[in-house]
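# Model the structure of this input:
(one chain, ligands or ions: 1)
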Amino acid sequence: MRTIINKSNNNNPIGFFDSGVGGVTVYEQVKKLLPNENYLYFGDTKNMPYGEKSQTQLLEFADKIFKFLEDKKAKAVIMACNTTSAVVYEKLKNNYNFEVYPIIQSVAKEISTLPIKKIGVFATHATINTHCYKTEIQKHNPNMEVIEIACPGWVKIVENGQEKSLEAEIAVKEKLEEMQKFSPEKIILGCTHYPYLLEVLSKFAQKETFINPSIEFAKIIQQDLKAKSLLNETIGEKFEKFYVSKSPENFKKSASMFHEIKEIPELVNL
Ligand code: DGL
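Numbering: from 1, shown residues only. Down below sits the predicted model:
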């Protein structure tokens, strides 16, 4: 992570982005730890699912969103999206005037210290194709075996608010059975949309099996912003503002499992 210290901008917002409501699982954790911040969130619902897009497309989407958040004076941007962290973070990380926090690279070290030998990862096609989780975890612990399985279809189920449907149950059961053949001791929910499926996942495996990396990610962000003296210490009302590229009402409804959004998100065409 680059260090960009500009003490004058601590009151500026922290930006988040994802292809849709997935990043709200990260937002929720960060907001809990840092209630005194201003927040912006961009959900690129027009272009979801990111997991089925090429690197060229993802570079274009992420760059536009970074620039949008830069125009809005974000002091830090949280890539609340495993797919863009895996596919475009390395290429874009130095291009903007704010701190950039990618989820996978941030949490891998902590995951690598778990007292287990074999870990599973559920993630999107694009994330799995990069082997980013495996590479990042094994950088710190070459002895941890990492089993990676792509779960296409899960993101759309979540975006459509169908977590409790039969379709969700069938989709989840199929991938879990595939994963259980390898007997991992833990399974990382390596896409920020997947914690919405925790309840249905828990019908087929113990809830404690699953790791939601957002919890650790939020702690790392808090520590890093503090270390860089970037936390907002001003007194007074704070704001949160959501933007989407398609279907604002649907976004508000689907996100509600993790966060009650007060205003309808603003529709933005980047
Ligand atoms: N939630 C994102 C992730 O963590 C993107 C999922 C998608 O749009 O395919 O990977």
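# From now on I want contacts and neighbour counts done on CA atoms only, so please keep to that.
Will do.
# What parts of the stretch 1-150 of the chain come near the ligand?
Residues of the stretch 1-150 of the chain lying near the ligand by CA under 6 Å from any ligand atom: 18-19, 22, 48-51, 81-83, 124.
# Burial check on residue 30, number of neighbours?
23 (other CA atoms under 10 Å).
# Can you give me every residue that contacts the residue in the stretch 101-250 of the chain that the ligand sits nearest to?
With CA to the nearest ligand atom as the measure, residue 191 is the residue of the stretch 101-250 of the chain nearest to the ligand, at 3.3 Å. Shown in contact with residue 191 (CA atoms under 8 Å, 6 or more residues apart in numbering): 22, 81-83, 122-124.
# Neighbour-wise, give me the winner out of those.
residue 83 (34 neighbours).
# Identify the residues contacting that one.
Applying CA under 8 Å, 6+ apart to residue 83 gives the contacts 50-51, 124, 126-127, 191.
# Would you mind putting those residues into CSV with secondary structure alongside?
CSV is the format used below for the contacts of residue 83 (DSSP: H, G, I helix; E, B strand; the rest coil):
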residue, secondary structure
50, helix
51, helix
124, coil
126, helix
127, helix
191, coil
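# and residue 215, what helix or strand is that in?
helix 214-227 (DSSP states H and E).
# what mean pLDDT would you report for whichever helix or strand comes after that helix?
Note on helix 214-227: by DSSP H and E, the next helix or strand toward the C-terminus is strand 240-244. On average, the pLDDT along strand 240-244 is 98.
# Partner strands of strand 240-244, with direction?
strand 39-43 (parallel), strand 266-267 (parallel) (DSSP bridges).
# Could you count how many residues lie near residue 230?
For residue 230, the neighbour count with other CA under 10 Å is 22.
# Make 431 the starting number, not 1.
Will do, 431 is the new start, and the previous item becomes residue 660.
# Pull the residues that contact the strand or helix carrying residue 487.
Secondary structure from DSSP H and E places residue 487 in helix 485-501. Residues outside helix 485-501 that contact it (CA under 8 Å, 6+ apart) are 445, 447, 470, 472, 480, 507, 514, 517-518, 522, 526-528, 700.
# Of those residues, keep whichever come out buried.
Neighbour-count burial (16 or more other CA atoms under 10 Å) applied to these gives 445, 447, 470, 472, 480, 507, 514, 517-518, 526-528.
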